[in-house]
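> Just to be clear, the model below is a prediction. Sequence and coordinates:
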Protein chains: 2
Amino acid sequence: MSEDTERSAAGDALCTAVFMPSGRRGAFPPGTSVLDAARTLGVDLDSVCGGRAVCGRCQVRLSTGAFAKLDITSRVESLTATGETEQRYARIKGLEEGRRLGCQACLVGDVVIDVPEDSQIHRQMVRKSADEIRDLEIDPVVRLAYVELPKPSMEDQRSDLERLLAVLDTEWGLRNLVWDHGFLQALSSAMRAGDSYGGDWQATVAVREERELIAVWPGFKERAFGLAIDVGTTTVAGHLCALDTGEVMASAGIMNPQIRFGEDLMSRISYLQQNERQAPELTKAIQKALSDLAEHVAKEAGIEVADIVEMAIVGNPTMHHLVLGIDPTQLGMEPFPLVTDAGLSVKVRDLQIAINPGAYAYFLPCIAGHVGADTAGVILSQAPHASNEMTLVIDVGTNAEIVLGSRNRLMACSSPTGPAFEGAQISCGQRAAPGAIERVRVDAETLRPRFKVIGSDLWSDEEGFIKDIAQTGVTGICGSGIIEAIAELYLSGIVEPTGRMRAKGKDVDGHPNFVKRGRNYDYVLYESPDRTISVVPADVRAIQLAKSACYSGTRLLMDRMEVDSVDRIYLAGAFGSYIDVKYAMVLGMIPDCLLEKVSSAGNAAGTGARIALLSRAARAEIEKVIRTVEKVETAIEPKFQDYFVAAMNIPHASDPFPNLGTEVDLPGAAFDEAAE
Amino acid sequence: MSEDTERSAAGDALCTAVFMPSGRRGAFPPGTSVLDAARTLGVDLDSVCGGRAVCGRCQVRLSTGAFAKLDITSRVESLTATGETEQRYARIKGLEEGRRLGCQACLVGDVVIDVPEDSQIHRQMVRKSADEIRDLEIDPVVRLAYVELPKPSMEDQRSDLERLLAVLDTEWGLRNLVWDHGFLQALSSAMRAGDSYGGDWQATVAVREERELIAVWPGFKERAFGLAIDVGTTTVAGHLCALDTGEVMASAGIMNPQIRFGEDLMSRISYLQQNERQAPELTKAIQKALSDLAEHVAKEAGIEVADIVEMAIVGNPTMHHLVLGIDPTQLGMEPFPLVTDAGLSVKVRDLQIAINPGAYAYFLPCIAGHVGADTAGVILSQAPHASNEMTLVIDVGTNAEIVLGSRNRLMACSSPTGPAFEGAQISCGQRAAPGAIERVRVDAETLRPRFKVIGSDLWSDEEGFIKDIAQTGVTGICGSGIIEAIAELYLSGIVEPTGRMRAKGKDVDGHPNFVKRGRNYDYVLYESPDRTISVVPADVRAIQLAKSACYSGTRLLMDRMEVDSVDRIYLAGAFGSYIDVKYAMVLGMIPDCLLEKVSSAGNAAGTGARIALLSRAARAEIEKVIRTVEKVETAIEPKFQDYFVAAMNIPHASDPFPNLGTEVDLPGAAFDEAAE
């Protein structure tokens, strides 16, 4: 032992402990547990059971290398040997070779301790695919704390709550707590039920934001769960996540039951106006659906709904307001003011959502009357505000919500694309479901089509296709199919830049895929005895309107941003995930961009909800970012109309597309199949 | 103008304003309104309409005297003349001669301004009678703020909430607000309904603790109300109060509907134990009763229930827990631990109480398993903790809750008096209602009684008595009647110190008021063809037990406090209010004390609820005091049994009563009637 070794007040030589990867170090009296040392130094080492060798969250490893570099005097026995309690844990729950329980292993000499990733509270989630959650440090909103409580006696008549608060203070450092009313109702019986070994009572409490006691269970409870929800006009998607790891335990999508009050937003708002604002009816329907969804995913994951202690919700402004029970009628009338745009935490019992009654639902903030919490979710997921690139994010739906910017500045608008991209108002259009045509190619020479349908991996001209689709048949065209069909018809010279279909310079009268309509043609994609699936001139017009809305909204933002090009494009939303970005560019739906910089973002709004579910920091981040977003109102921008008209042509008259030009000869050429 | 007159940045001479009674002073540019000047100086000047000459709360008076003393240069015109707006207010709502609206009158010279009592926010309530609320500075938990809100336009698309928050910030200085979920639901339509003159929207919001927006009404709302509730085992009493003045607008008392589950606390707890803890049933019953009570008093006062925005509730621990929906079963079993003893604010909608859904119910803190929020109310009302005198407060009911102490130290216990003091378990006992005997005198010579009944001012031996009570008849003896009867029987020598009735040394056989029972007697107070009302030996025994419990609890506290006498005694509770304190002392129910220092405190628990309703400071005060109260558990104190046995005699064996001794010759003498 070196002469300058630090000594404790009692005169013992202190043990130096260095924690990796943080590098924090300190000196402690021999016998200090690794967990206590970690807590003292603020090292990120998890524990639910509070040091009772029950939860196994505080596992650490004695580091083997680089002692010298860290300037530590190595001693042979630097941690106490594994005792009976730890052996029992290892026997029952298993303990990997070389790992120790931080609460049981105590310092006897100088040590370097490795804290593995899975023992950290704020563990990193690393993005695994484009569709996955972005890199994220989990920063739980709700944590569990296991406590053992001395029973009351005539000498210790403290109230149940006082008894609990005392332990949470001394063992967990939790002070100035508040509590949910339902928590008080449940406390007494939960404490008394957790009496497994006749000594102290055992219970686990859920603490939200280190401030509010929201739930209590008898005994030791290992995990709590959260539910991320994307409330769409048509569908509602939910992911059940473990709040400690972020792991998705179960997912489900259901129809939005409000559909019986109207297919789209405006028809639901009209319903409200005509029925004296029966918002409660629509609210009850969606709240019931959320309860059902929660029950469904809980069952799938094999947990109780009461184990779900937090929600995060995104949705467009109308859905956002309706889930909250706020009448959205004013969102349908100029000047479209929101009732609130703030990020909100609301008790689920006030929303009649049947998860743990102490839980809160966190609603991401809204941006403007047409740009909602769904767009906030998209921003949180794609993080344009954290990027140096000029980033364009388009969440494609009945309206396209468009976000443009970078770390310096962010803008957003909503543009009325109509339902064409979702297969509605298309003559043979349908939702993306088995049987729907989703991919289309047109031979530029023969002008004959081939296609793929959802449910089969084969092209229509490949052997076995008919057999492969025998179950579903070919039932219609979905959004991505109509995009490709029209883009291919354009690339093969059948559709002119103005949108007129006539295969200029070729005689198509008598061609089996052309049916004459006055001076125009229908183009037949598929024909069977029961069904003919065609692209008709009105379909081309509907897609022209939709893509023009999309492009002109984007162009308006670029104009305001004073940029001529963007560095990165994400297409988000159920439809955006399926679209082949090249065809979107062929049609002129999005501005020119390097193709490898254009990608699908999947259900980015829903991903944003998951991020907000798992991270307090992310909530603070999005609430801050949202305040800086400049809202552009397309409806009152005179330029929007000009851009809209100018963008009707395919691709359109106003802009060159150099990045497409390098790959294709426009018009009239097809993509190189190998480049797909 | 003197040379050293202060000047504004623009070079104008500043006007000095001095506000009375606070004496605060400051210099302001000419044209500053009196209200703005007052706010700048932190002068307590009320306003609900925010300076729009609507509410009339900011009335002030130009002071006339003592200019010289205040060292102000008097100028002729020191306030602007009354303008059109102020004239309109005076015309419509009236304005007392000499009064000005502070928001309209502006400084033009040096002034001394009187702020009358009724224009102060924190106005004083002065105690008017013993039964009244103590001197109190009103310190409202909820305040109203009137706002005018610019309507949204395409150029100003801020959300409704953001719009409101901006005005609350600039006009009311309210920042960092939170809001109730129901507030958001009501906001939009309330704002839009307040559109009386086609300009800005008008609305009034209720702000709780300067932090939470809890309610909103269209247009200008002048007053908000609160409800103070005392939930007793048998009856529930409520007072509807104006939150700005403290004025009681309506009061009501109803039976506690839980009575169908058991007359007293223990039988209700037994019901819960036998019926698998059906606490929800008892909870629903009392919550429904509170809603009914609220509706009743609102109707009587001519207001809407939604105008009630705050509640304060007291009750014994079992009632406290049941109103909150907390199972009280454990309160019936040793060691009687409370689930919580904290002061609580709970949303009324979580309690199913139908007042304004954004309102909170504040529950006063509890002290121990048998000493509840009712005792906290008693302490708040009688304020022993603020007194230099050694003060004894006894809240008499089925249990006597006893508080002893002064500003240095406070103790409390509960003592099981049984129901005798309330007229139950007394042979001819009944509740205090018309027809009940409430006062009794016994002539020491003739041993003949006379009495008074509730509903008549005459003694039974006075002319017209029979006619006066023709409606009700004489139906029984209430609590105060039995106390007086037994005390008078003792003073006239009929009841011996041991409790035996035999009129020692006198021959009472054949006496019309004596009926022999073995070696004992019944004493007949009243006889008619239908009814005989007597005091029987078992009644004497029941009162002996009750008074002994009361005294021995008190004695135990005095022992602990190490005092031999008390300086002040309050008897509280429905029964405590009617009792003649001298007889309580004759019986030895309370310790010796100067008679003028013994008084009734009325329903002190309910008064405490009213105080907590009207004053945030009082809530903080009682929560702080409660933490210092030393709890004494009579059940495990061996001395309690000794005191109890010793105190059974009348008055009792252990203590002299010098203060009674000065007035009466004990035993066998009667009080001097003049001294009553």
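Received the coordinates, thanks.

> Spell out which parts of the stretch 151-300 of chain A neighbour chain B.
Contacts of the stretch 151-300 of chain A with chain B, taken as C-beta under 8 Å from any C-beta of the partner chain, map to A:152-154, A:156-163, A:181-182, A:184-185, A:187-189, A:192. Using the backbone N, CA and C atoms, a C-beta is placed for each residue, glycine as well.

> run the last query once more with 7 Å
A:152-154, A:157-162, A:181, A:184-185, A:187-189 (C-beta under 7 Å from any C-beta of the partner chain).

> Just the terminal-to-terminal distance for stretch A:590-598.
Criterion C-alpha to C-alpha, to the nearest Å; first-to-last residue distance in stretch A:590-598 is 10 Å.

> Show me which parts of it are buried, residue by residue.
A:Ile590, A:Pro591, A:Asp592, A:Cys593, A:Leu595, A:Lys597, A:Val598 (16 or more other C-beta atoms under 10 Å in any protein chain shown).

> Hmm, which of the residues of the stretch 151-300 of chain A next to chain B is lowest in pLDDT?
Minimum pLDDT across those is recorded for A:Met154, with 87.

> Let me see the contact set for it.
Contacts for A:Met154 (C-beta atoms under 7 Å, 6 or more residues apart in numbering or on different chains) come out as B:Glu334, B:Pro335, B:Glu633, B:Ile636.

> swap the cut-off to 10 Å and go again
Under the criterion of C-beta atoms under 10 Å, 6 or more residues apart in numbering or on different chains, the neighbours of A:Met154 are B:Glu334, B:Pro335, B:Phe336, B:Glu633, B:Ala635, B:Ile636.

> Once you drop chain neighbours, what's closest to the fourth one?
Nearest residue to B:Glu633 in three dimensions, chain neighbours excluded: A:Met154, at 6.2 Å (C-beta to C-beta, 6 or more residues apart in numbering or on different chains).

> Relative to B:Ala635, how far out is that neighbour?
8 Å (C-beta to C-beta, to the nearest Å).

> so where's the longest helix in chain A?
Taking DSSP state H as the criterion, chain A has its longest helix at helix A:537-561.

> For that helix, what is the distance to the chain centroid?
Centroid separation between helix A:537-561 and its chain, computed with C-alpha atoms, centre = their mean, to the nearest Å, is 27 Å.

> What's the first helix or strand after that helix?
strand A:568-572 (DSSP states H and E).

> Partner strands of that next one, with direction?
strand A:391-395 (parallel), strand A:598-602 (parallel) (DSSP bridges).

> now for those, which one comes closest to A:Cys478?
Counting by C-beta to C-beta, A:Cys478 lies closest to strand A:598-602 out of those; the figure is 15.1 Å.

> Buried ones in the helix or strand following that closest one, by neighbour count?
Remark: after strand A:598-602, the chain's next helix or strand is helix A:604-614, criterion DSSP H and E. Under the neighbour-count criterion of 16+ other C-beta under 10 Å, helix A:604-614 has A:Ala604, A:Ala605, A:Gly606, A:Thr607, A:Gly608, A:Ala609, A:Arg610, A:Ile611, A:Ala612, A:Leu613, A:Leu614 buried.

> Which two of the buried residues of stretch A:590-598 have the greatest separation?
It's A:Pro591 and A:Leu595 that sit farthest apart of the buried residues of stretch A:590-598, by C-beta to C-beta, at 12.6 Å.

> what does the model give A:Ser74 for pLDDT?
49.

> repeat for A:Pro638
87.

> For it, the count of nearby residues, please.
The number of residues packed near A:Pro638 is 6, by other C-beta atoms under 10 Å in any protein chain shown.
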